[in-house]
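Engineer: here's a sequence, model it:
(one chain, ligands or ions: 2)
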Amino acid sequence: MKIPDQPKTSIVIFGATGDLAKRKLFPSIFNLYRKGNISEEFAVVGVARRPWTNEVLREKVCEAVTDVFDVEQDKLDRFVNHFNYLPFDVTGKESYHELKKQLTQLEGDYNIPGNRIFYMAMAPEFFGTIASNLKSEGVTEANGWTRLVIEKPFGHDLSSAKKLNEDIREAFNEDDIYRIDHYLGKEMVQNIEVIRFANAMFEPLWNNRYISNIQITSSEALGVEDRGGYYETSGALRDMVQNHMLQMVSLLAMDPPIRLSTDEIRSEKIKVLRALRMVNGEEVDNYFVRGQYGPGIIRGNEVPGYRSEKNVDPNSKTETFVAGKLLIDNHRWAGVPFYIRTGKRMGLKSTKIVIQFKELPLNLYFNKNQKKIHPNILIIHIQPDEGISLVLNGKKVGPSGETTPVQLDYSNDGIDTVNTPEAYERLLLDCMLGDAANFTHWDEVELSWTYVDEISKGWVTSTKQIPLYDSGSMGPKEADDLLGKDGFQWWPIKEV
Ligand SMILES: NC(=O)C1=CN([C@@H]2O[C@H](COP(=O)(O)OP(=O)(O)OC[C@H]3O[C@@H](n4cnc5c(N)ncnc54)[C@H](OP(=O)(O)O)[C@@H]3O)[C@@H](O)[C@H]2O)C=CC1
Ligand SMILES: O=C1O[C@H](COP(=O)(O)O)[C@@H](O)[C@H](O)[C@H]1O
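Structural biologist: Ligands and ions are numbered 1, 2, ... in the order given. Below is the predicted model of the structure:
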């Protein structure tokens, strides 16, 4: 579907020679162009240190696009002509003067009304310097709007996040800062709101009277790959929990917003983060479990343990797995545990949310022939399969009078997947259109770091050993015990 007003903008990619630009940004911009969501009135300036030329960048963009899409050469040639490269020193004023000159020139060439997106696809230590130089050298002074897109990680803890925020806020207003959490661009994460707020059969039940627990799993089969250096200082808690997992918790737990505007949705999500019960130091091992992958077998192949990965300390204590029990102290959720787990080198790549409903107060089928009735569950399949399943109870065929679980499945496979945008594509378009609903507000970042910092602190003083789990498993046994002691178990996450 084409959008009514195609945005006209220049995009400056800081870190255009890097992995993110190649794998995500170039294909996403191309897909927006191919679908007609942006017109010919756009330009991209890629900047990084390498002495590339326009031609080299254009070749790389072609490669990145053809790795993902089958494309007509004509269309691709027209597309890459919008790309220019500028060798750049982020600390040198001269680079910014040159960038400003190029942007002015391109805005004239492509009839762009001075709208500028600055996309930070570089290591976070440069974000503050770049933002401040963009302002001091006048690159943010344009006839149209200027927006800053900023990649994760947004800081390493609350104090570094605050410092980064102060730096970028000197150059950009909060409304012009788009902090990316790519999970918010995923089709089924966006569908959480619709499932909840557009269905009369769910919203009345969406509370502690009817829901017994919620489980969110985001498992990866890959290990740390080439990112050992970064991951050693991050671990699964900072890499996945502080952002993606807490974002999913807040979407699942928020109250209905009074309207679907950016501010109203954010305000409800923020209330959830404020209501999270803090886990203080001594309690951390009762609520959170960490683990680290050892060697194992994934899809028939032997894989090394984390400590043998490149750029990883052979005695590393970094967690590659986290499971946690979160409690939300408000009327809607008092007493309902939200269990989360995420990790690398687990049995499969999958993100799923399981909502388990409470049992009926009087179960007529209990104690007849069967001991237990299956709880009703709603499963939101985020990836790789997209859809929802609802597990109800029906009559077992025959005269026994027993019940049997019946699963109703809806899968997005039936829709036009070619036209389904990838998360980055969707978020880039939102940014061009000025819609920040699927980006994180500073208040969310601040509250999630506040929560996560307490857990990190607890772990520093905890004497509990970090359990190793076999690569290819679903994490350490301790993660099962976390639910087991509440009388629950993780619902199985199956391969599709
Ligand atoms: N890759 C991914 O899948 C994801 C990445 N991110 C985040 O995106 C950001 C970029 O990641 P990624 O692309 O993987 O990183 P890479 O290391 O692949 O790329 C870093 C980029 O920064 C440039 N760069 C580094 N130092 C300088 C400098 N002093 N001046 C100018 N340019 C510089 C590099 O180019 P050159 O060497 O030519 O200068 C390169 O283009 C990070 O914040 C990361 O956390 C977030 C989610 C996923
Ligand atoms: O942000 C990150 O996310 C990816 C997982 O993203 P997904 O879309 O593939 O589920 C994770 O691998 C990476 O470590 C983390 O930085």
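
Engineer: could you pull out the helices for the stretch 251-400 of the chain?
Structural biologist: Per DSSP state H, counting those that start in this stretch, the stretch 251-400 of the chain has helices spanning 262-275, 284-287. These are given in chain order.

Engineer: do you know which of those helices lies nearest ligand 2?
Structural biologist: helix 262-275 (18.5 Å; Cβ to the nearest ligand atom). No exception for glycine: its C-beta is placed from N, CA and C like everyone else's.

Engineer: show me which positions of that closest one end up buried.
Structural biologist: Thr262, Ile265, Arg266, Ser267, Glu268, Lys269, Ile270, Lys271, Val272, Leu273, Ala275 (16 or more other Cβ atoms under 10 Å).

Engineer: confirm for me that Leu252 is in contact with Glu193.
Structural biologist: No - counting by Cβ atoms under 8 Å, no contact exists between Leu252 and Glu193, whose distance comes to 9.7 Å.

Engineer: returning to that earlier point: how about the helices of the stretch 251-400 of the chain in CSV, adding mean pLDDT and distance to ligand 2?
Structural biologist: Below are the helices of the stretch 251-400 of the chain laid out as CSV (pLDDT from 0 to 100; distance: least, Cβ to the nearest ligand atom, whole Å):
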stretch, mean pLDDT, distance to ligand 2
helix 262-275, 96, 19
helix 284-287, 97, 22
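
Engineer: how about the ones you listed in JSON lines, adding distance to ligand 1?
Structural biologist: JSON lines is the format used below for these (distance: least, Cβ to the nearest ligand atom, whole Å):
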{"stretch": "helix 262-275", "distance to ligand 1": "21"}
{"stretch": "helix 284-287", "distance to ligand 1": "26"}
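
Engineer: turn those into CSV, including distance to Gly387.
Structural biologist: Conversion of those to CSV gives the following (distance: least, Cβ to Cβ, whole Å):
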stretch, distance to Gly387
helix 262-275, 23
helix 284-287, 31
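
Engineer: buried set for stretch 434-449?
Structural biologist: 436-442, 444-449.

Engineer: for stretch 309-326, same thing?
Structural biologist: Of all the residues in stretch 309-326, those buried under the rule 16+ other Cβ under 10 Å are Glu309, Val312, Ser316, Thr318, Glu319, Thr320, Phe321, Val322, Ala323, Gly324, Lys325, Leu326.

Engineer: isn't the third one up against Tyr306?
Structural biologist: Spelled out, it's Ser316. Yes - Ser316 is in contact with Tyr306 according to Cβ under 8 Å; the separation is 6.6 Å.

Engineer: quickly list what's touching both of these two.
Structural biologist: Where contact means Cβ atoms under 8 Å, 6 or more residues apart in numbering, the residues bridging Ser316 and Tyr306 through contact with each are Gln292.

Engineer: give me the pLDDT for the residue in the chain sticking out farthest from the centre.
Structural biologist: Taking Cα atoms, centre = their mean as the measure, the residue most remote from the mean C-alpha position of the chain is Pro399, 48.8 Å away. The predicted structure scores Pro399 at 84 on the pLDDT scale.

Engineer: just to revisit the earlier point, restricted to helices, list the buried residues of stretch 434-449.
Structural biologist: Counting by DSSP state H, the members of the buried residues of stretch 434-449 that fall within helices are Trp442, Glu444, Val445, Glu446, Leu447, Ser448, Trp449.

Engineer: out of these, which one sits closest to ligand 1?
Structural biologist: Among these, Val445 lies closest to ligand 1 (Cβ to the nearest ligand atom), at 14.5 Å.

Engineer: just give the nearest non-adjacent residue to the closest one, would you?
Structural biologist: Distances taken as Cβ to Cβ, 6 or more residues apart in numbering put Phe154 closest to Val445, at 5.3 Å, once the chain neighbours are dropped.

Engineer: what do you get for Lys358?
Structural biologist: On the basis of Cβ to Cβ, 6+ apart, the spatially nearest residue to Lys358 that is not a chain neighbour turns out to be Ser212, at 4.6 Å.

Engineer: would you confirm that that neighbour belongs to a helix?
Structural biologist: No - assignment of Ser212 by DSSP: H, G, I helix; E, B strand; the rest coil gives strand, placing it outside any helix.
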